[in-house]
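> What follows is a predicted protein model with its sequence.
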Amino acid sequence: MVFWEGYVSDELTGTLAPIVVYWLYAGMYQLLPPLDQYRLHTRKEEEQKNLVPLSSVIKGVLLQQLVQATVAGLMFLVTAKPSIAGSLIQPPVHVQLIQILVAMFIMDTWQYFIHRYMHQNKFLYRHVHSQHHRLVVPYAIGALYNHPLEGLLLDTFGGAISFLISGMTARTSVFFFCFAVIKTVDDHCGLWLPGNIFHVIFQNNTAYHDIHHQLQGTKYNYSQPFFSIWDRILGTYMPFSLVTRQEGGYEARILKKTS
């Protein structure tokens, strides 16, 4: 039993919940005070280095989410399973957890190789992926600020493939996609907050992805949103240390790679 049962279908919830969660979680970060003592970049750096205004970022995210919701709705429609007395029997919790772990690995694999290729192909980088890198200093609301083609290939198709191969139900997908959205937003928040559980559990975190957004790190740390497995296996992992800046806050400082 879940709180939306009897009010909204699992399919509609799976379509809309990740969008709602995105704006709630990213909005929470946006409404926080400056918190300069926890920032990975100063506010001055954010103003000087970012090449796109907040209004354009919001429009870009909304466009991606419109496409995302359309594809999700079609996917749920095509894969809908027959129910008994109007309710689909859900697999045991341990099975759902395994499906989520499988989906996490599939999403990471898909996004790593597509993301890396978008950097290696000069045409795709210049005309598609560079839009995301206009945010040299990432912030939460810009997590899904992408070129529409990238949003479709990287995030929307990646999520659909993860759903289909893992075999999860629409209800399980609600938890998976909402978790993926929260993790992605957190990776772009630009803050190293004490007690952030994502920084404790995941090596692929806010500082890890911040390295990728910097000029000297754009060919490294492609992995997103969960693990750093493919970076480590394929030699694109960039080691770094988190140091305290003299003027306050932190800096994810790149360490020299060793062969």
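Perfect, I can see it now.
> tell me which element the most centrally placed residue in the chain falls in.
Residue closest to the average C-alpha location in the chain (CA atoms, centre = their mean): Thr184, at 2.5 Å. In the assignment (DSSP states H and E), Thr184 maps to helix 170-187.
> What is that helix packed up against?
In this structure, helix 170-187 makes packing contacts with helix 10-31, helix 93-120, helix 157-166, helix 197-201, helix 206-213, judged by 3 or more CB pairs under 8 Å, 6 or more residues apart in numbering; DSSP states H and E. (Each C-beta comes from the backbone N, C-alpha and C, glycine too.)
> quick one: buried residues of the longest one?
When burial is assessed from 16 or more other CB atoms under 10 Å, helix 93-120 yields the following buried residues: 96, 99-100, 103-112, 114-116, 118-119.
> Also the fourth one?
Going by neighbour count (16+ other CB under 10 Å), the buried part of helix 197-201 is 198-199.
> so what does it touch, helix or strand wise?
Packing contacts for helix 197-201, counted by 3+ CB pairs under 8 Å, 6+ apart, involve helix 170-187, helix 206-213.
> Mind giving me the packing neighbours of the very next helix or strand once past the last one?
Just to be clear, that refers to helix 206-213. Sequence order places helix 229-234 as the next helix or strand after helix 206-213, per DSSP H and E. For helix 229-234, the packing partners by 3+ CB pairs under 8 Å, 6+ apart come out as helix 93-120.
> how far off helix 157-166 does the helix it packs on point, in degrees?
For helix 93-120 against helix 157-166, the angle between stretch directions is 140 degrees (axes from the mean of the first three to the mean of the last three CA atoms, to 10 degrees).
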